[in-house]
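Peer 1: Next input, structure requested:
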Amino acid sequence: MFIPLHDANTLKHIKVQWVTLGLIGMNIAVWLFTGFFAPQQTAQATAIGLGYIPAVAFDYATLAPGLAIVPEPLTYITHAFVHAGFWHLVSNMVFL
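Peer 2: Numbering: from 1, shown residues only. All right, here's what the predicted structure looks like:
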């Protein structure tokens with residue numbers, strides 16, 4: 001089966017998966033901020049500034065000064081919190 005519903009290793013010491021729930025909450029918060037509360041130009045700039053762009057990472061291109069929100073090495077982490085749409089977010093949260 002493609003979606004794991006259960007496995008043979010039961011969790012006896014972990015009652016609630018707080019890290020997973022925290023990651024889901026952070027992903028939803030970032031998606032809501034960039035999708036609903038920010039203007040369209042800000043949402044696009046946020047996706048470019050926080051997303052991982054291989055050409056920038058390998059020094060083939062540079063971002064405009066206004067688009068670089070975080071230093072380039074941090075985009076290895078921040079790209080995981082940028083989602084293109086509702087179904088992209090939902091499908092990633094199901095597999096998380």
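Peer 1: Just name the shakiest helix or strand of the chain by mean pLDDT.
Peer 2: helix 40-50 (a mean of 72; mean pLDDT, DSSP states H and E).
Peer 1: from the chain's centre, how far out does that one sit?
Peer 2: Helix 40-50 sits 13 Å away from the centroid of its parent chain (C-alpha atoms, centre = their mean, to the nearest Å).
Peer 1: What of stretch 5-23?
Peer 2: With C-alpha atoms, centre = their mean, you get 21 Å for stretch 5-23.
Peer 1: can you check stretch 55-63 too?
Peer 2: With C-alpha atoms, centre = their mean, you get 20 Å for stretch 55-63.
Peer 1: Restrict it to CA atoms and write it as CSV.
Peer 2: Output of stretch 55-63 as CSV, limited to C-alpha atoms (Å, rounded to 0.1, in the frame of the first residue of the first chain):
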residue,chain,number,x,y,z
ALA,A,55,20.9,28.0,-10.0
VAL,A,56,21.3,30.2,-7.0
ALA,A,57,22.7,27.5,-4.8
PHE,A,58,25.3,26.5,-7.4
ASP,A,59,26.2,30.2,-8.2
TYR,A,60,24.9,30.2,-11.7
ALA,A,61,22.5,33.0,-10.9
THR,A,62,21.8,35.5,-8.1
LEU,A,63,18.6,36.8,-6.7
